[in-house]
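1. Pasted the sequence and its predicted model underneath.
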Amino acid sequence: MTKMRLGMVLNGVALLLLLGFCSATDYKWRKAMISGETSSSMMMNRGGSSVLLPLYGNVYPIGYYNVTINIGQPSKPYFLDLDTGSDLTWLQCDVHCVEESHPFYRPSIDLVPCRDLLCESLYPPGEHKCDNPHRCDYEVEYADGSSSHGVLVRDALALNYTNGAPLNPCLALGCGYDQPSGTSHHPLDGILGLGRGKTSIMSQLYSQSLVRNVFGHCLSGRGGFLFFGDGLYDSSRIVWTSMSSELPKFYSPGFAEVVFNGKTTGLKDLIAVFDSGSSYTYFNSLAYQKLLYLMNNELAGQPLEKATDDQTLALCWKGRKPFKSVRDVTKFFKSISLIFTSNGAKTQFELPPESYLIISNKRNVCLGILNGTQAGLKNLNVIGDISMQDRMVIYDNEKQLIGWAPANCDQLPKPKYAYT
């Protein structure tokens, strides 16, 4: 027993020496973890708190939401696009080939070796090879054709708990040296990966017992907020549904039935996922065409006509006079609902017109639901930012639940009082 405990201490110390200490606070925490001197109060103080971060951006015209994270030693601010559809967080590294929002990132800690479990998790089973055992090379690709190539490093993040206590964990992230932009270009410094994999920021914070394995976001037309931990909402006021075990890589409530204007559409068993990295919502081709058919029937005789000269989105309409806001057209459009079934219970995710329409710069109204099959999503149906606005969306990885509730996303919440 003595040798086993001594061996655990030596292994832990060697690991800390390899990674480096991020702060005096984290040193005390890690020392306590190694020596077995943790107390329930210390665990509650470190693991039971939440981290709250403001978001900036909108669905249109900016086209994305970003969060500012301070990274490095000394720390510097970086603008990151939050993405629940991918795991890896990465920054454009100092290779002087593209222009980003801030000076290029220079990692201040160490390379993640190829044999590290985090490196292995970035590859499909059987495809992890180590040409260079001292570093982890990665390549991630996104649905819009963009990608990131680089190496995995560990560095310090400068965060704060909601009680003001500093949090400076050493986490693995990508140092990207090649980022082809694909069909869209965001002038940001990188991606904040919030997926379900081991390399995601959420998974790493949880693995170090720093927060509960729960996070959420609240998006509005002017920004919003992102949080880690479970201290900013009342669970009894959230509509919950189970995460699908059939899609372990995504935040998916499973199969959805589509209801239009309170009536069944015959569209069932749609594979749905929540994806904050997608500005708009996508239905597969069959569901998309059926939705257009139903919508055109409802719009017949209304003072709207297709604005073929407006290429903001695939389908736009113009009125007798320019529209100032979505409120000007909500009377012409009907609500859409996605019905999820979990353990025999049905939950409804409602999309009022405000959750699928935008007003373009040409003052027309445009449909923010797009053809996912044409976009390369095959049969996947994506609930994007436009449909998650003005509600708190929560991803509870411990209980394997996804939840939502109406919220004032322009106001940063206080613990347990996050929405109206």
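-> Alright, I've got the coordinates. From a predicted model like this one, the values you see are computed outputs, not experimental measurements.
2. got the buried residues for the helix or strand encompassing Lys290?
-> In this assignment (DSSP states H and E), Lys290 forms part of helix 285-299. For helix 285-299, burial by neighbour count (16 or more other CB atoms under 10 Å) applies to 287-288, 290-292, 294-295, 299. No exception for glycine: its C-beta is placed from N, CA and C like everyone else's.
3. Please identify which of those is nearest to Ala272.
-> Ala287 (10.2 Å; CB to CB).
4. For the closest one, list the residues it contacts.
-> By CB atoms under 8 Å, 6 or more residues apart in numbering, Ala287 lies in contact with 258, 267, 270, 381.
5. nearest to Gly150, of these?
-> Asn381 (31.0 Å).
6. who's Ile339 bridged to?
-> On the basis of DSSP bridges, Ile339 is bridged to Glu257, Gln348.
7. Check whether it really touches Gln348, as I assumed.
-> Yes. Using CB atoms under 8 Å, Ile339 is in contact with Gln348, at 5.6 Å.
8. Count residues in the vicinity of Lys362, would you?
-> 15 (other CB atoms under 10 Å).
9. Please name the bridge partners of Val153.
-> The bridge-partner assignment for Val153, based on DSSP bridges, gives Leu111, Leu173.
10. so it makes contact with Arg106?
-> No. Using CB under 8 Å, Val153 makes no contact with Arg106, being 10.0 Å away.
11. ok, the two, which is more surrounded?
-> A count of neighbours by other CB under 10 Å puts Val153 above the other of Val153 and Arg106, at 22 against 12.
12. Please name the residues that touch that one.
-> If you count contacts by CB under 8 Å, 6+ apart, then Val153 has 107, 109-112, 172-175 around it.
13. mind redoing it with 7 Å?
-> 107, 109-112, 173, 175 (CB atoms under 7 Å, 6 or more residues apart in numbering).
14. By neighbours, which of those residues wins?
-> The most crowded member of the contacts of Val153, judged by other CB under 10 Å, is Leu173 (28 neighbours).
15. How many residues are close by Tyr251?
-> A count of neighbours around Tyr251, defined by other CB under 10 Å, yields 22.
16. My guess is it contacts Phe274. True?
-> Yes. Applying CB atoms under 7 Å, one finds Tyr251 in contact with Phe274, separated by 4.6 Å.
17. Show me the shaky parts of the stretch 101-250 of the chain.
-> Counting by pLDDT under 70, the ranges of the stretch 101-250 of the chain that qualify are 101-102, 109, 182-186.
18. Try it again at 80.
-> For the stretch 101-250 of the chain, residues meeting the criterion pLDDT under 80 lie at 101-103, 108-109, 179-187.
19. would you list every one of the strands in it?
-> 110-111, 137-141, 147-160, 166-167, 170-178, 190-193, 214-220, 223-228, 239-242 (DSSP state E, counting those that start in this stretch).
20. Go through the ones you listed and name the closest to Gly319.
-> Nearest of these (CB to CB): strand 214-220, 25.1 Å.
21. Which strands or helices does that closest one pack on?
-> Secondary-structure packing of strand 214-220 (3 or more CB pairs under 7 Å, 6 or more residues apart in numbering; DSSP states H and E): strand 223-228, strand 391-396.
22. Specify the stretch among these that is closest to Met243.
-> Going by CB to CB, the one of the helices and strands packed on strand 214-220 nearest Met243 is strand 391-396, 8.0 Å.
23. List the buried residues for that closest one?
-> The neighbour-count check on strand 391-396 (16+ other CB under 10 Å) flags 391-396 as buried.
24. of those, closest to Ser209?
-> Distance to Ser209, by CB to CB, is smallest for Asp396 among those, at 17.0 Å.
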